[in-house]
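K.L.:
Predicted model and sequence below, questions to follow.
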Amino acid sequence: GTSSSASISELTPREDTGMSLMCTVFTTDQHPFYIVAADDAWLDTWGFESSEAIGKPISILNGKGFDPAAGKELFARFLQASTKLTRCINVTKDGRRLSHD
């Protein structure tokens with residue numbers, strides 16, 4: 001089952017064009033973090049229709065080249081660092097490179 005609680009993830013993506021926007025996705029608060037809501041900016045940024053994302057785990061973002069070991073290492077370093085700024089480079093559903101802090 002899924003939890004009724006939700007967490008919020010806000011990203012400020014910057015595509016290779018240098019554009020910047022704020023987008024928001026809400027997930028359940030326990031693994032596998034099912035998507036319960038996403039604004040149009042999030043859907044547009046990642047290339048999903050609402051029907052493709054709502055009810056799916058956030059892992060739908062784990063596309064080609066996803067390395068779970070690298071993600072775990074990044075998260076461990078993030079927890080240990082005195083500065084909490086991390087930049088991730090992802091690939092959208094349609095193959096665009098996207099970086100976000």
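P.N.:
Cool, got the structure. None of the values given here were measured: they were computed from a predicted structure. Numbers count the residues shown, from 1 in each chain.
K.L.:
Put the alpha carbons of stretch 45-59 into CSV.
P.N.:
Output in CSV follows, covering the C-alpha atoms of stretch 45-59 (Å, rounded to 0.1, in the frame of the first residue of the first chain):
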residue,chain,number,x,y,z
THR,A,45,10.4,19.3,-17.5
TRP,A,46,10.6,15.5,-17.3
GLY,A,47,8.4,14.9,-20.4
PHE,A,48,5.5,13.0,-18.8
GLU,A,49,1.8,13.3,-19.1
SER,A,50,-0.1,13.3,-15.8
SER,A,51,-1.6,9.9,-16.6
GLU,A,52,2.0,8.4,-17.0
ALA,A,53,3.2,9.8,-13.7
ILE,A,54,0.5,9.8,-11.1
GLY,A,55,0.4,6.5,-9.1
LYS,A,56,3.9,5.5,-10.4
PRO,A,57,7.0,5.4,-8.2
ILE,A,58,9.4,8.3,-8.6
SER,A,59,11.8,5.7,-10.0
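K.L.:
ok, the residue in the chain sticking out farthest from the centre to I58 distance?
P.N.:
Distance from the centre of the chain peaks at S82, with 22.8 Å (Cα atoms, centre = their mean). Separation of S82 from I58 (Cβ to Cβ, to the nearest Å): 27 Å. Backbone N, C-alpha and C define where each C-beta goes, glycine included.
K.L.:
for D44, same thing?
P.N.:
From D44 across to I58, the span is 17 Å (Cβ to Cβ).
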